[in-house]
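> Attaching a predicted model along with its sequence, questions to come.
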Amino acid sequence: MTAAISDSENLTFSNDKVTSTEEGNFVVYKMGAKTFRLDKTKARARFAGKKVINGMRSAELNVLPLKYHEAYRIYKQMKANHWEPDVIDMTRDSQQWNTNALSQKERWIIEMGVGYFSAAEGIVGDSVLHVIEDNLTAAELKHASLRHIAEESIHMDSLLHIIGSLNIDLDEVTAKFSDIPSVQKKNAFITRQMPELKMGIDLTQTVNKQKFAKAIFGITQVMEGTQFYALFAMVLSLHRQNKMTGIGQMFQYTLRDESNHIELGRYILSQLFAENPDIMTPEFRAELVEFMREGVELEKEFVRDCLPEDGVGMTQADFLTYVDYNADRRLAGLGLPTLSNVKTNPFAWLDEVIFLRKEKNFFETRVTEYQTSGSVTNAAEDDLI
Ligand SMILES: [Fe+2]
Ligand SMILES: [Fe+2]
């Protein structure tokens, strides 16, 4: 007999099919080749206690039975996309960087990429940890969120790999970017709401639930989903011209990760809204759209700083359209009204790049180099002590 404990029978996670059947006092829960016998009473209590926020908190392993299947699927997808920055070959990048093979405009884009993301990856990781993950209560949502945080660490590591390979002066880069108003404004805009949320707020109150929802929206849809993409596209456009291909490769992997972070954020928000219908008032809908509108405005200012005039085979106008295109995608994904109605991606080639990377397994092509790099890394760590 099929049990009612799973809300989505026969769900498939890559190769894993999930089914549950009742046998006496147990629920036999199957995920792919794995079988779990769960005490029916306890499993029902765990399932009933699962909520996005204000649910049961437990130190026990209470991932099963799954309630938020999509979060677990995204977790598996994130894990399948695992990559290691250290093994990306930066020899050509270093040559190009240090032999003036790049124009001033091209160098500036790389510097903006390193400078902006050096701070931005940390802001995302810190906010997902202290604001989002900390307030989620369902195990599988926390689980996926922790993987998201781990991937931000990989992204930070990739920046170290770039900085170290090109011999960029870290302090110089940091100092340079602390003076650029558009960078400062973007970061302040996203982080201004975080201190209060980090203190811990009462999420039984509607106003606080709205603040929490806005923080998830800000990090995953506005920042990762809209404010990262123009600079990604600029660096990947250089990669397309065979310039700074090591960095381009890392940005491709990072972009693939970001698409999962955006998807996870959207899923958490959709479940949060469904469980807490008091959140989505007309005023709050308008507040989210306004927040995105402000994010778009700041991003366009940033794009003008990155690419003050057309160049490197790209037009500034296309990048500004790209910002609108991404913002509308994020708003539409949550059923919110769009701002500009740009329906066509001005960088169709970028979609192809992202799609191709989804097909690529990092370890299938790089397992040899990865193992070699691992042994080198360990030796270097010993030397450090
Ligand atoms: Fe990231
Ligand atoms: Fe991210």
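Cool, got the structure. Ligands and ions are numbered 1, 2, ... in the order given.
> any low-confidence regions in this structure?
1-16, 311-312, 354-385 (pLDDT under 70).
> quick one, strands of it?
With strands called from DSSP state E, the chain shows them at 11-13, 16-23, 26-31, 34-39.
> between these, which gets nearest to ligand 1?
Nearest to ligand 1, of all the strands of the chain, is strand 11-13, at 23.1 Å by Cβ to the ion. Heads up, the C-betas are built off the backbone N, CA and C, glycines and all.
> Going along the chain, name the helices of the stretch 151-300 of the chain.
Ranges of helices in the stretch 151-300 of the chain, per DSSP state H, counting those that start in this stretch, are 170-177, 181-191, 194-198, 206-216, 229-240, 245-275, 282-306.
> Get me the contact residues on the stretch 151-300 of the chain for ligand 2.
For the stretch 151-300 of the chain, the residues found near ligand 2 under the criterion Cβ under 5 Å from the ion are Glu224, Glu258, His261.
> Pick the one among these closest to ligand 1.
Glu258 (5.8 Å).
> list the contacts for the closest one?
When contacts are counted by Cβ atoms under 8 Å, 6 or more residues apart in numbering, Glu258 touches Glu224, Gly225, Phe228, Phe232.
> ok, which pair from those is furthest apart?
Spatial extent of the contacts of Glu258 (Cβ to Cβ) is set by the pair Gly225 and Phe232 at 11.5 Å.
> does Asn54 really touch Gln205, like I thought?
No. With contact defined as Cβ atoms under 8 Å, Asn54 and Gln205 do not form a contacting pair (10.6 Å).
> Compare the two (neighbour count), which wins?
Asn54 (14 against 11; other Cβ atoms under 10 Å).
> Out of the helices of the stretch 151-300 of the chain, which is closest to Glu70?
With respect to Glu70, and counting by Cβ to Cβ, the nearest of the helices of the stretch 151-300 of the chain is helix 245-275 at 5.0 Å.
> does ligand 1 sit close to the closest one?
No. Using Cβ under 5 Å from the ion, helix 245-275 never reaches ligand 1; the gap is at least 5.8 Å.
> Domain ranges for this protein, per the record?
With domains defined by automatic domain parsing, the chain comprises 1-67, 81-366.
> The stretch 151-300 of the chain against ligand 1: which residues are in contact?
Counting by Cβ under 5 Å from the ion, the stretch 151-300 of the chain sits next to ligand 1 at Glu152, His155.
> Looking at this protein, which residue is nearest ligand 1?
Closest point on the chain to ligand 1, by Cβ to the ion, is His155, at 3.8 Å.
> Which residues are in contact with that residue?
Phe117, Glu121, Thr254, Asp257.
> Which part of the stretch 1-150 of the chain gets nearest to ligand 2, residue-wise?
Taking Cβ to the ion, ligand 2 has its nearest neighbour within the stretch 1-150 of the chain at Val124, 5.1 Å off.
> ok, and the closest non-adjacent residue to that residue?
Using Cβ to Cβ, 6 or more residues apart in numbering and skipping the chain neighbours, the partner closest in space to Val124 is Glu152 (5.2 Å).
> so how far is Leu129 from the one you found?
9 Å (Cβ to Cβ, to the nearest Å).
> Tell me which of the two has more neighbours.
Glu152 (24 against 16).
> Quick check, that one in contact with Gly125.
Yes. At 3.4 Å, Glu152 counts as touching Gly125 under the criterion of Cβ under 8 Å.
> Count the residues that sit near the residue of the chain found nearest ligand 2.
Distances between the chain and ligand 2 by Cβ to the ion are smallest at His261, namely 3.8 Å. For His261, the neighbour count with other Cβ under 10 Å is 27.
> Let's have the contacts of His155 in TSV, adding neighbour count.
Conversion of these to TSV gives the following (neighbours: other Cβ atoms under 10 Å):
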residue	neighbour count
Phe117	22
Glu121	22
Thr254	23
Asp257	22
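> okay, those residues in a markdown table with distance to Ala348 next?
Converted to a markdown table, the contacts of His155 look like this (distance: Cβ to Cβ, whole Å):
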| residue | distance to Ala348 |
| --- | --- |
| Phe117 | 24 |
| Glu121 | 27 |
| Thr254 | 20 |
| Asp257 | 22 |
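> Now the two most distant members of those.
So for the contacts of His155, where distance means Cβ to Cβ, the most widely separated pair is Phe117 and Asp257, at 12.4 Å.
> is it true that the residue of the stretch 1-150 of the chain closest to ligand 2 touches Glu224?
Yes. Under the criterion of Cβ under 8 Å, Val124 makes contact with Glu224 at 6.3 Å.
> residues shared between the contacts of the two?
Common contacts of Val124 and Glu224 (Cβ under 8 Å, 6+ apart): His261.
> Is ligand 2 within reach of stretch 64-79?
No. Applying Cβ under 5 Å from the ion, one finds stretch 64-79 out of contact with ligand 2, separated by at least 10.1 Å.
> Start at 52, not 1
All right, first residue 52 from here; so that's stretch 115-130.
> buried set for that stretch?
The neighbour-count check on stretch 115-130 (16 or more other Cβ atoms under 10 Å) flags 115-129 as buried.
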